[in-house]
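Undergrad: What follows is a protein structure lacking sequence information:
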């Protein structure tokens, strides 16, 4: 897997770890804010913003890969591998990233710190659950990819 396509696959696979770390850091920090009833600070805002930025970077790289590999031409609903790559992974990631984006928008619009923390926890968590469910983890039989 060399060349442009190989670099994109490697980047997409490696950057998922950054997204997971930043997203769960953002969720954890927001939960801490809810429990401790503290005020929103710069770390909250940066974690929140970086989560959205990394999610969108992953989306762009993923869409480029999707159209470069022409998987959309070979979607067969009875073939679980084609269905996963052609529909489930794509739709799951788009929905998950959309939820994270909505969470960020609500975070910015909410007045109270508690409402900001709740928006982050709820929407980022839902988005990450969907993303985690549609990642081609190595243990997912025929769908699995390497850890990096």
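TA: Yep, that arrived. All values reported here derive from a predicted model rather than from experimental measurement.
Undergrad: from here on, contacts and neighbour counts on C-alpha atoms
TA: OK.
Undergrad: contacting residues around residue 129?
TA: Contact partners of residue 129, counting by CA atoms under 8 Å, 6 or more residues apart in numbering, are residue 96.
Undergrad: Give me the pLDDT value at it.
TA: Looking at residue 129, its pLDDT reads 97.
Undergrad: Check which residues of whichever strand or helix holds it are buried.
TA: Per DSSP states H and E: residue 129 is located in helix 125-133. Going by neighbour count (16 or more other CA atoms under 10 Å), the buried part of helix 125-133 is 125, 126, 127, 128, 130, 131.
Undergrad: immediately after the longest helix belonging to the chain, which helix or strand?
TA: Determined from DSSP state H, the single longest helix within the chain is helix 3-36. Counting by DSSP H and E, the next helix or strand C-terminal to helix 3-36 is helix 42-69.
Undergrad: That following helix packs against which elements?
TA: The contact analysis (3 or more CA pairs under 8 Å, 6 or more residues apart in numbering; DSSP states H and E) places helix 42-69 against helix 3-36, helix 89-109.
Undergrad: now it against helix 89-109, angle please.
TA: 150 degrees (axes from the mean of the first three to the mean of the last three CA atoms, to 10 degrees).
Undergrad: sorry, back to before: please identify the buried residues of the longest helix of the chain?
TA: For helix 3-36, by 16+ other CA under 10 Å, it's 8-9, 12-13, 15-16, 19-20, 22-27, 29-31, 33-34.
Undergrad: How many residues are close by residue 121?
TA: 23 (other CA atoms under 10 Å).
Undergrad: Then residue 40?
TA: Residue 40: 17 neighbours (other CA under 10 Å).
Undergrad: ok, now residue 106?
TA: Neighbours of residue 106 under the rule other CA under 10 Å: 18.
Undergrad: okay, residue 51: pLDDT?
TA: 97.
Undergrad: got the contact list for it?
TA: By CA under 8 Å, 6+ apart, the neighbours of residue 51 are 19, 22, 23, 26, 100.
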